[in-house]
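1. Test case, fold it:
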Amino acid sequence: MKKTFFSINKTIIATLLCFLMVSNVAFAVPLTDVTSSHWANDVVQNVVDKEIMAFYSDNSFKPNQEATKIEAIITLYNVALTEKLLTPEQGQQLGEKYAKKLEGLNIPKSIEPYGEVVYPALGYALENKIVVEDEVKYFVSKGIPTTVSKVEASVYYGKALNLYKKENLDKVITLSFKDAQDITLVSWKYVNLLIDYNVVSGKGDTNGNFNPKTILNRSVLAVFADGYDKAILSSPVTDIEPTIPDSAEDKGSSASDDSSTETSDRTVSGVITDVLSDLNFIEVKESNGKTETFSTKEAAIYANNVLVTADELKDNVNVVLTISDSKVTKINMSLSFDKAEGTFNSLSDYIGTTDRFRSIRVLKKSGGIEFKRVYEDTPVIIDGVKSTVDKIEANYAVTLYYDDYNAISIQAYSDHYEMMGMLKSDINIVSPTELQLTLEDGTTFTQKINTTVIFDSENKNLNRNDIVSVLLEYGQVKKITYKGQVRDVVGNINSILISQKPEIELLKANGEKEKFLMSSGYSVIGEDGKMLLDIYSLRLNQLATIHVGIGGVDKISLGTAVVKDGIDATVNSVISSSNLLIVTLSDGSSMTVALKAGSTISLGDYQAGDHIILDGTQLRQGLFEANSITKKIQ
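-> Numbering: from 1, shown residues only. Below you'll find the model as predicted:
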């Protein structure tokens with residue numbers, strides 16, 4: 001059918017009208033509900049004109065309507081498009097990459113008034129770690145997009161801003177808001193970044209509060225979006241090219257197999273069935289019969305805890321792999337080598353015309369001299385730190401692991417080296433025989449000792465699980481100093497120092513405050529038992545149980561405390577109607593004692609004045625759940 005001039009023009013006009021309503025062409029739009037007298041008129045008009053936020057088909061902006069998490073992410077994506085940090089084609093590809101994952105989470109492809117931009121925006125956010133999949137799960141509830149709070153928006157905008165600004169967020173941060181304790185530390189650094197770039201005010205509202213849990217409306221979201229856009233433009237940004245899949249096959253596999261949110265370590269035990277040295281892979285058959293192939297490219301390789309090179313990987317050898325973030329980080333083989341112990345004497349120049357190896361000369365303890373070839377990649381550990389053979393000095397104590405004429409690994413100790421570890425067995429300091437020490441990397445240091453060793457200990461004996469520092473002179477133990485115990489400490493988080501060596505201070509039930517250094521590999525466990533990100537996940541005044549390990553605090557568990565043994569207390573009163581005891585502790589503080597569900601303890605056996613010992617779990621400060629109660633004999 002032939003179209004008339006009128007019908008053609010009618011089609012064009014209708015198309016243009018649809019285009020204007022959906023895509024919000026960049027010119028001043030006369031919004032019906034944000035007039036010149038509206039407090040947010042300027043920022044709303046700006047974000048609409050720049051196509052960062054959209055208006056509805058009736059020209060309304062709905063400034064008081066609650067904003068959603070999806071909309072907050074869309075604004076970030078639109079700023080990236082507006083400021084040409086991303087092309088629409090790249091955004092579309094990212095949307096396709098994560099489409100299967102988003103569909104599986106029941107995320108709609110389109111929301112009003114933005115249209116089908118949801119998947120590209122969330123794909124951009126997921127790709128650049130502005131959000132993770134576990135967060136996106138909660139972007140929709142019962143088919144309805146969920147609202148966004150002020151602190152949630154701050155984290156999204158802060159992460160997005162630092163994607164381009166690359167600021168140092170690991171610094172000591174002090175927020176002056178009166179309600180700063182309600183902001184999780186993981187959010188502090190992003191709030192502080194937004195303050196630095198004038199996206200939010202560092203003074204808070206008229207009462208000095210940040211109000212982190214307040215749900216944003218579209219007017220306030222416009223303020224965030226406008227401030228973020230200005231921050232992006234405030235100085236040149238780092239060029240960032242999002243990872244774009246090369247093909248449709250790439251998109252599909254990435255969407256279904258991505259495991260970027262997995263952070264916990266796991267181990268795999270089995271037997272090496274094939275070594276593909278040219279490709280840096282090994283094939284391992286596990287005890288359940290399953291065979292898997294693993295990359296060895298980023299792994300530290302050990303033979304019975306002795307550092308070796310990948311050349312020593314062999315078929316039919318038992319192996320334990322440590323896997324972190326889907327990468328093999330450590331390989332430990334059940335493989336031993338001959339060793340010679342003594343002192344370093346000399347190192348030759350390169351031998352032969354190929355300059356492939358040199359010869360190391362070691363004066364053995366047992367007498368005689370050992371010569372072995374040392375290659376450029378031969379692992380050398382000096383005082384527990386990776387080094388090179390050139391750094392070994394005369395008279396350094398040396399343990400030389402070798403196979404035929406070749407040095408496989410070299411461990412050397414200087415005249416003065418101090419290491420920290422946890423005792424694997426008791427030591428009687430009057431008649432010591434052996435030191436067995438577990439170091440922070442999990443390896444074991446063992447050496448015979450005698451009464452010539454100096455002990456700096458508060459106790460007569462040192463016990464298993466005590467933390468000690470050990471002074472070595474040329475590899476020989478000269479002094480052992482007691483540093484503390486591997487223990488659990490319960491209290492409320494009183495302060496946290498964010499620095500290169502973070503510290504946490506607990507306020508314990510007896511009123512004492514104690515500070516602890518964080519170890520390099522600490523973990524934080526939330527009240528639901530799930531692993532949290534880091535120290536930034538903590539808040540002040542939270543009840544926490546910290547586990548003090550070799551290098552400091554290696555685990556923080558929030559909420560319910562671990563079982564505590566042998567708390568001395570005096571019964572103050574018995575409340576039979578509620579099945580509770582009110583007791584006084586040795587420090588004079590009061591505590592309520594409840595009975596564990598199903599307990600056979602009879603409170604009728606106790607009365608005011610009884611001295612008792614409590615075993616059980618501290619639920620929070622001032623509340624204890626008893627597994628058992630024992631009367632102390634007077």
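
2. could you point out which element follows the lowest-mean-pLDDT helix or strand in the chain?
-> Across the helices and strands of the chain, the lowest-confidence element by mean pLDDT, DSSP states H and E is helix 248-257, at a mean of 34. Following helix 248-257 in sequence order, the next helix or strand is strand 265-276 (DSSP states H and E).

3. what residue ranges in the stretch 501-634 of the chain score low on pLDDT?
-> Residues of the stretch 501-634 of the chain meeting the criterion pLDDT under 70: 528-537, 560-565, 577-578, 597-598, 618-622, 633-634.

4. residue ranges of the strands in it, please?
-> Taking DSSP state E, counting those that start in this stretch to define them, one finds strands in the stretch 501-634 of the chain at 503-507, 513-525, 543-549, 552-558, 563-575, 580-585, 590-595, 611-620, 623-631.

5. Point out the one among the ones you listed that comes closest to residue 448.
-> Closest of the strands of the stretch 501-634 of the chain to residue 448 is strand 543-549, at 26.1 Å (criterion: Cβ to Cβ). Every residue, glycine included, has its C-beta placed from N, CA and C.

6. Spell out which strands sit alongside the closest one in the sheet and which way each one runs.
-> strand 487-497 (antiparallel), strand 552-558 (antiparallel) (DSSP bridges).

7. Would you mind getting the angle between that strand and strand 563-575?
-> Going by axes from the mean of the first three to the mean of the last three Cα atoms, to 10 degrees, strand 543-549 is angled at 150 degrees with respect to strand 563-575.

8. tell me the angle strand 543-549 makes with strand 503-507.
-> Angle of strand 543-549 versus strand 503-507, following the same axes, to 10 degrees, is 130 degrees.

9. Can you tell me which of the strands paired with strand 543-549 is packed in deepest?
-> Sort the strands paired with strand 543-549 by mean neighbour count, taking mean count of other Cβ atoms under 10 Å, and strand 552-558 sits at the top with a mean of 21.

10. Report the angle between it and strand 513-525.
-> 70 degrees.

11. For residue 312, grab the count of nearby residues.
-> 20 (other Cβ atoms under 10 Å).

12. And the strands of the stretch 501-634 of the chain: which comes nearest residue 136?
-> strand 513-525 (21.8 Å).

13. what separates that closest one from the chain centre, distance-wise?
-> Averaging C-alpha positions (Cα atoms, centre = their mean, to the nearest Å) puts strand 513-525 13 Å from its chain's average.

14. From the contact counts, what lies against that strand?
-> Judged by 3 or more Cβ pairs under 8 Å, 6 or more residues apart in numbering; DSSP states H and E, the packing partners of strand 513-525 are strand 487-497, strand 503-507, strand 543-549, strand 552-558.

15. any chance of these in JSON lines, plus distance to residue 579?
-> Shown next, in JSON lines, are the helices and strands packed on strand 513-525 (distance: least, Cβ to Cβ, whole Å):
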{"stretch": "strand 487-497", "distance to residue 579": "23"}
{"stretch": "strand 503-507", "distance to residue 579": "29"}
{"stretch": "strand 543-549", "distance to residue 579": "23"}
{"stretch": "strand 552-558", "distance to residue 579": "27"}
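
16. Out of those, which gets nearest to residue 447?
-> Across the helices and strands packed on strand 513-525, closest to residue 447 is strand 543-549 (Cβ to Cβ), at 21.9 Å.

17. angle of that closest one against strand 623-631?
-> Interaxial angle, strand 543-549 versus strand 623-631 (the same axes, to 10 degrees): 70 degrees.

18. which residues touch strand 543-549?
-> Residues from elsewhere that reach strand 543-549 (Cβ atoms under 8 Å, 6 or more residues apart in numbering): 422, 440, 467, 484-493, 504, 506, 516, 519, 538, 553-562, 620-621.

19. Need the strands paired with strand 543-549 in CSV (columns: distance to residue 282).
-> Output for the strands paired with strand 543-549, formatted as CSV (distance: least, Cβ to Cβ, whole Å):
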stretch, distance to residue 282
strand 487-497, 38
strand 552-558, 30
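
20. Just the helices from the stretch 401-550 of the chain, written as ranges.
-> Under the criterion DSSP state H, counting those that start in this stretch, the stretch 401-550 of the chain contains no helices.

21. Out of the strands paired with strand 543-549, the one nearest residue 383 is which?
-> If we rank the strands paired with strand 543-549 by Cβ to Cβ, the stretch that ends up nearest is strand 552-558, at 20.3 Å.

22. my guess is residue 35 meets residue 44, correct?
-> No. Assessed by Cβ atoms under 8 Å, residue 35 is found out of contact with residue 44, at 10.3 Å.

23. Could you check which of these two is surrounded by more residues?
-> Neighbours were counted for residue 35 and for residue 44 using other Cβ under 10 Å; residue 44 has more, 26 against 9.

24. Quick one: residues contacting the more buried one.
-> So residue 44 contacts 31, 34, 38, 53, 61, 63, 219, 222 (Cβ under 8 Å, 6+ apart).

25. buried set for stretch 305-318?
-> By neighbour count on 16 or more other Cβ atoms under 10 Å, the buried set for stretch 305-318 is 306, 307, 308, 312, 313.

26. ok, and the closest non-adjacent residue to the second one?
-> Which is residue 307. Spatial nearest neighbour of residue 307, chain neighbours left out: residue 379 (4.3 Å); criterion: Cβ to Cβ, 6 or more residues apart in numbering.
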